[in-house]
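Peer 1: Generate coordinates for the sequence data below:
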Amino acid sequence: MPACLNPRHRLLTPLALLLPALAFSAPADEIARGGYLVRAMGCADCHTPMTMGPQGPAPDFARGLSGHPQGMALPPAPAAQGPWGWGGALSKTAFWGPWGTSYASNLTPDATGLGTWTEAQFIGSMRSGKHRGSGRPVAPPMPWPAFSQLNDADLKAMFAYLMAQPAVRNEVPAYQPPAK
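Peer 2: Residues are numbered from 1 along each chain as shown. Down below sits the predicted model:
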C-alpha cells in the first residue's frame, strides 16, 4: 500500500513538519518493543554523542540519538597505516576508512533527522543499506546487514520508538567520499 494511503501516515501539514510526533503515532506496546530493540541493537552507541563527565566520556542523553554534533568540525581523517584501516572520533559519532568519512545520522523525529521519513523508507533503508531505501549507500560502520535480518514488525516497532523520542535539531554533516 502506498505510504500516502496508509492511515498511519497522515498527509504532512506545515504543523506536522514542525511537530513530527503529530504526523506519526503508534500503540504504546509497539513503542515499548521498539525501545527494547533500539537498546539491544546498540543504536545509541554511535548515534548518541559523548560528553566529558566526572567519570570520563559518557553518553550525552540531552542529545540522545541525534547523531554527530553539527558544531563538531573534524580535521581530515588520518591515513590508514598497516593493518589499521579504519577509525573513529572520540565522540563515537564519526568514522573513517576506505569508504570515506561517515557520520552517525540523527535518528530523532526532527526534520534534520527522521522527521520527514516514512516507515517504509526506514524499513527500506534497513533492508537495502540505502539511504531512505533507495538513495546513497549507508556507510560503515552501520551494521545494516544485521538489521536487515529483523522482521517487518520489529523494524516498524523501532521506527515507532524513534518517532516517539524528543526531537533534537541537529544537522549532521554529509558523508564524505574517500579522497582520490
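Peer 1: could you pull out the helices for this structure?
Peer 2: Assigned helices in the chain, in chain order: 14-18, 28-40, 43-47, 119-128, 144-147, 152-163 (criterion: DSSP state H).
Peer 1: Can you give me the buried ones in the fifth one?
Peer 2: By neighbour count with 16 or more other Cβ atoms under 10 Å, helix 144-147 contains the buried residues 144, 147. C-betas here are computed from N, CA, C, even on glycine.
Peer 1: Do I have it right that residue 157 meets residue 28?
Peer 2: No: using Cβ atoms under 8 Å, residue 157 is not in contact with residue 28, being 11.2 Å away.
Peer 1: higher neighbour count, the two?
Peer 2: Taking other Cβ atoms under 10 Å, residue 157 and residue 28 do not tie; residue 157 has more neighbours (24 against 9).
Peer 1: Quick one: residues contacting that one.
Peer 2: Counting by Cβ atoms under 8 Å, 6 or more residues apart in numbering, residue 157 touches 26, 30-31, 33-34, 37.
Peer 1: again with residue 121
Peer 2: Each residue near residue 121 by Cβ under 8 Å, 6+ apart is listed here: 132-133.
Peer 1: Next one: the residue nearest to residue 154 when sequence neighbours are not counted relative to residue 28, how far apart?
Peer 2: Once flanking residues are discounted, residue 154 sits nearest to residue 37: 5.7 Å by Cβ to Cβ, 6 or more residues apart in numbering. To residue 28, residue 37 is 15 Å away according to Cβ to Cβ, to the nearest Å.
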